[in-house]
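Undergrad: structure for the following, please:
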Amino acid sequence: MFFKRKKEKPAPLEDPETAPMTDLAPAEGETLDDSLGAISTMFLSGEAGRDRTRVEALLGAIAGLSASRDLDSLLKDIVDRSVEVTGAERGILLLRGPGDSLKPRVARGRGGVDSAEFDPASGQENLRYSTSIAKRTMETGQPLRATVSSDEEALGLGQSVFDLKLRAAMCVALAPAKETSDPIGVLYVDSRAATRQFSKSDLSFFAALAHHISVALENNRLHLDSLEKVRLEQSLELASAIQLDLMPELPERSGAYRLGGFFRPAESAGGDFYDVHTMKRERMFLAIGDVTGHGIGPAIITAAAQAGLRSYMRVVPSPAAAMSLLNEDLSERMEDGRFVTMLLVVLEPDGSFELVNAGHSDPHIWRSATGTVEALDEAFGMKRDMALGFIDDHEYEVSAKGQLEPGDVLVFFSDGLTEARDPNDHDKMFTEAGLAAELERLAASNSTPREIAAGIAKAALELSQDIVEDDMTLLVVQRPRD
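TA: Numbers count the residues shown, from 1 in each chain. Predicted structure coming up:
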């Protein structure tokens, strides 16, 4: 694309950022199609030797760009090859910045030398170039070239063109990944040599190169995205493995009780956890917790809550005091909007227990004597206290005290299980009633706690067709008859 040479003397521009766009208009009868693909062969002149050289240069550049993977190396390679194939003295790659501004990313001279005027590491951008050409290319998406044969014409293109004594410049847009998006930046070359005037075929050749540069940038982005996806998947797998390792391996029997459990995160890592630990004098504590959300963030909080709870239970005698200390600790760590619901039960060898409920779903108990299931709020008048993380100095109290008789089964669960829903009917959920029905059926058939946990989870997953929208957790404890 040629530019008109102004017949009248243009007014000098003091600010290179405001160079007049009219100086960049194409000459009459000279146009290039908006599509880079449509101009990819316009650089062929019909001269066999020259065309062969250009095609080889273009294919060599494409091959080199396709081989690059490191982004910084790729960008430098792009500019170096642009300078080489166009015969320019200098090349600059500018990428779109905030507010549609253009920010120089790479500036190189012949021989692959960094421009002394540009230091991206220090953030200095004392780089001067024809900002008017770069801006116009970015706005229109059209390849542009300018040939300057006098100081007057240089001033017409901007003060920077005059000061740098530029005699020729070309600029092409870098196409976006999506055709409907704006260009991601521009590639600019210039020269001060009076003998180097860029022709229309030069511009077409430069535009064809830019098209393949855009492809190379997109391939690089996709490659980096794939690497990041792999790294993320590996991180999630590691987090999942760590979280599963933190879940205690429940023995079929511990002291005076039988145990069973189930855990299924909605993602690779979850926000639910359970813990069981034997203390002095054959006492045992059981806990189940649920951090808001699911994924890697809540999983980190669950690990902190689980570790903190074990520490506090070693040094304080009361589950309420331990819950208060844990709340103070977590409140300082969690960001606003996060909280943890938790149940903490301390079981004595004789079946008596104390329970603290910090905003969690009420546990259910199956009574061996009657064969019926009750929620603990019905059986013992239990009241829920505040979830952890809201008020750092909140003092928790024991929510309920009770007694497990021989054969009784106590079940703790997270709401991800009771809120499992039919994907074909979202109003149909497993609910606490469904859990109670399964508990009653399984306990009455003398199922072990492990079988009860597996049976309840199976029923919930059958309803949801194995779709887990929220973490599912179950903890079952039974005082055996013998």
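Undergrad: low-confidence ranges in the stretch 201-350 of the chain?
TA: Applying pLDDT under 70 to the stretch 201-350 of the chain flags the ranges 216, 220-246, 268-269, 294-295.
Undergrad: the strands in it, which residues?
TA: 253-254, 257-264, 272-278, 284-291, 340-347 (DSSP state E, counting those that start in this stretch).
Undergrad: now stretch 358-377: buried residues?
TA: 358-368, 373-374, 376 (16 or more other CB atoms under 10 Å). Heads up, the C-betas are built off the backbone N, CA and C, glycines and all.
Undergrad: take those and keep only those in helices.
TA: Assigned to helices by DSSP state H, the following of those qualify: residue 376.
Undergrad: output the buried residues of stretch 358-377 as TSV; include the columns distance to residue 442 and pLDDT.
TA: Below are the buried residues of stretch 358-377 laid out as TSV (distance: CB to CB, whole Å; pLDDT from 0 to 100):
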residue	distance to residue 442	pLDDT
358	28	95
359	28	93
360	22	94
361	19	91
362	19	90
363	16	93
364	12	94
365	14	94
366	9	96
367	14	95
368	13	95
373	11	94
374	16	89
376	19	77
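Undergrad: and which of the buried residues of stretch 358-377 is nearest to residue 438?
TA: For the buried residues of stretch 358-377, the minimum distance to residue 438 (CB to CB) is 9.5 Å, reached by residue 373.
Undergrad: not counting its neighbours along the chain, what's nearest the closest one?
TA: residue 436 (4.3 Å; CB to CB, 6 or more residues apart in numbering).
Undergrad: confirm that neighbour sits in a strand?
TA: No: applying DSSP: H, G, I helix; E, B strand; the rest coil, one finds residue 436 to be helix, outside a strand.
Undergrad: and residue 145, how far from residue 87?
TA: Computed as CB to CB, to the nearest Å, the residue 145 to residue 87 distance reads 13 Å.
Undergrad: now the strands of the stretch 201-350 of the chain in TSV, with mean neighbour count and distance to residue 218?
TA: TSV is the format used below for these (neighbours: other CB atoms under 10 Å; distance: least, CB to CB, whole Å):
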stretch	mean neighbour count	distance to residue 218
strand 253-254	16	58
strand 257-264	21	39
strand 272-278	22	40
strand 284-291	25	39
strand 340-347	26	43
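Undergrad: which one of these lies nearest to residue 106?
TA: Going by CB to CB, the one of the strands of the stretch 201-350 of the chain nearest residue 106 is strand 284-291, 44.8 Å.
Undergrad: and that closest one, which strands flank it?
TA: strand 272-278 (antiparallel), strand 340-347 (antiparallel) (DSSP bridges).
Undergrad: how big is the angle separating the longest one from strand 257-264?
TA: Angle between the axes of strand 340-347 and strand 257-264 is 160 degrees (criterion: axes from the mean of the first three to the mean of the last three CA atoms, to 10 degrees).
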